[in-house]
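Undergrad: Return atomic coordinates for the entry below.
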Amino acid sequence: MSACAIVEFTVKDPDVVREKYSPNTAQTVKEHGGEVLAANVDWEILYGDPLFRSGVLIRFPDHETAVRWYNSPEYQQLIDDRSVAMDACFSLLDGPPS
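TA: Numbering: from 1, shown residues only. All right, here's what the predicted structure looks like:
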């Protein structure tokens with residue numbers, strides 16, 4: 001069963017997002033079998049008061065692979081850049097079969 005990482009965020013430093021965090025994160029996602037399904041710099045809010053302004057939906061082959069990606073040394077070394085680049089919330093949902 002596939003799993004989707006939902007990343008909600010508000011950009012604090014667009015240069016760090018563009019130059020450091022996003023390209024390196026995309027590479028780690030790909031190396032761990034993930035695929036970005038959707039990304040939007042500004043959410044369209046249909047209901048409620050959002051905590052974050054933007055988001056990304058990433059599909060992994062399964063729950064364990066998604067957790068391994070997040071905990072991988074390759075991704076963890078990007079945490080400092082992420083902290084400078086954005087405020088964020090990461091969630092994981094099990095999805096339909098891949």
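
Undergrad: quick one: strands adjacent to the one helix or strand in the chain whose mean pLDDT sits lowest?
TA: Ranking every helix and strand in the chain by mean pLDDT, DSSP states H and E puts strand 35-40 at the bottom, with a mean of 92. Sheet partners assigned to strand 35-40 using DSSP bridges are listed as strand 54-60 (antiparallel).

Undergrad: can I get the CA coordinates of the strand it pairs with in CSV?
TA: Coordinates of the C-alpha atoms in strand 54-60 are reproduced here as CSV (Å, rounded to 0.1, in the frame of the first residue of the first chain):
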residue,chain,number,x,y,z
SER,A,54,1.8,26.2,0.7
GLY,A,55,2.1,22.5,0.3
VAL,A,56,3.5,19.4,-1.4
LEU,A,57,2.1,15.9,-1.8
ILE,A,58,4.7,13.1,-2.1
ARG,A,59,3.8,9.5,-2.8
PHE,A,60,6.1,6.7,-1.7
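
Undergrad: for the helix or strand following it, which positions count as buried?
TA: Counting by DSSP states H and E, the next helix or strand C-terminal to strand 54-60 is helix 63-71. Residues 63, 66, 69 are the ones in helix 63-71 that count as buried (16 or more other CB atoms under 10 Å). Yep, even glycine has a C-beta here, placed from its N, CA and C like the rest.

Undergrad: closest to residue 44 among those?
TA: residue 66 (25.3 Å; CB to CB).

Undergrad: for that closest one, what are its contacts?
TA: 3-5, 34, 58, 60, 92 (CB atoms under 8 Å, 6 or more residues apart in numbering).

Undergrad: again, 6 Å this time
TA: Contacts for residue 66 (CB atoms under 6 Å, 6 or more residues apart in numbering) come out as 3, 5, 60, 92.

Undergrad: Would you convert the residues you listed into TSV that also reports secondary structure?
TA: Shown next, in TSV, are the contacts of residue 66 (DSSP: H, G, I helix; E, B strand; the rest coil):
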residue	secondary structure
3	strand
5	strand
60	strand
92	strand
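
Undergrad: what does stretch 5-21 contact?
TA: 52-58, 66, 81-82, 84-92.
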